[in-house]
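Asker: after the sequence you'll find the predicted model.
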Amino acid sequence: MEGRLRVLFLTTVLPGMCMLLVSSMTWSADIVDSDNNDAAQQQVIQPQIERRTIDVDTIDTEDFEIAVFAGLYSAEDFGTNMVIGARAAYHVTEGVFFEAAYAKTDTSETSYERLSGGAPLLSDSERELTYYNASIGYNLLPGEAFMGKGWAFNTALYVIGGVGITSFADDDRFTVNFGAGYRFLATDWLAIHLDVRNHIFDMNLFGEKTTNNLELTGGFSVFF
């Protein structure tokens, strides 16, 4: 009888107690892991990021641009004087545009005329220099300029070159021009320009030679 009780204890009661003990330990471990996870989640820093709204002005949906400009034109041998003019451009793509320009300036006496004291080489009407040209430009480095925390403006650094005619000293001279410019879009229809260009044409007043005539201008343009 005692042997049967021992066998019954070893085969049924003891395994049941072991299973109950293992279940209790697993349940306790799950509770501890859950508490640790809750505590870890509560310790994680939750950043409060305030997103700021930036208004970006872009070129209007229209592709035509008209500009007025003024600046300095340095006519080789004839001094540096104020130049005024106008430009019209058509933007074929975001990168490429065509431009037509017209401008005029009055040149000064040469150093030879001032030192010799003789008769002037040119009349007043002949000293007026005008040019018109057609050029193609490329927006080389489009970018953005930021002002304060809430304003961003589109900008572009562009290169440009073309051909045209310069009227000076009672003659029309074939001219090649090239240069670079900076465009700042103040609104979606108004832009500010800064340009530097070189106008190259032949001059024969002091013997045949090729002249380089630098121009530095600033202006405003509208898109429509």
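Answerer: Sure, I can see it. Numbers count the residues shown, from 1 in each chain.
Asker: which strand residues bridge Ser167?
Answerer: Thr130, Asp172 (DSSP bridges).
Asker: buried residues in stretch 205-214?
Answerer: Leu205, Thr211, Asn213 (16 or more other CB atoms under 10 Å). C-beta here means a position set from N, CA and C on the backbone, and glycine is covered the same way.
Asker: over to stretch 165-184?
Answerer: Thr166, Ser167, Phe168, Ala169, Arg173, Thr175, Asn177, Gly179, Gly181, Arg183.
Asker: would you list the buried residues of stretch 205-214 in a markdown table and tack on distance to Val83 and secondary structure?
Answerer: Shown next, in a markdown table, are those (distance: CB to CB, whole Å; DSSP: H, G, I helix; E, B strand; the rest coil):
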| residue | distance to Val83 | secondary structure |
| --- | --- | --- |
| Leu205 | 20 | strand |
| Thr211 | 16 | strand |
| Asn213 | 10 | strand |
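Asker: redo these as a markdown table? Include pLDDT.
Answerer: Shown next, in a markdown table, are these (pLDDT from 0 to 100):
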| residue | pLDDT |
| --- | --- |
| Leu205 | 82 |
| Thr211 | 96 |
| Asn213 | 97 |
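Asker: partners of Cys137 in the sheet?
Answerer: One correction, residue 137 is Gly, not Cys. Beta-bridge partners, per DSSP bridges, of Gly137: Phe97, Ile160.
Asker: domain ranges for the chain, per the record?
Answerer: 1-49, 55-223 (automatic domain parsing).
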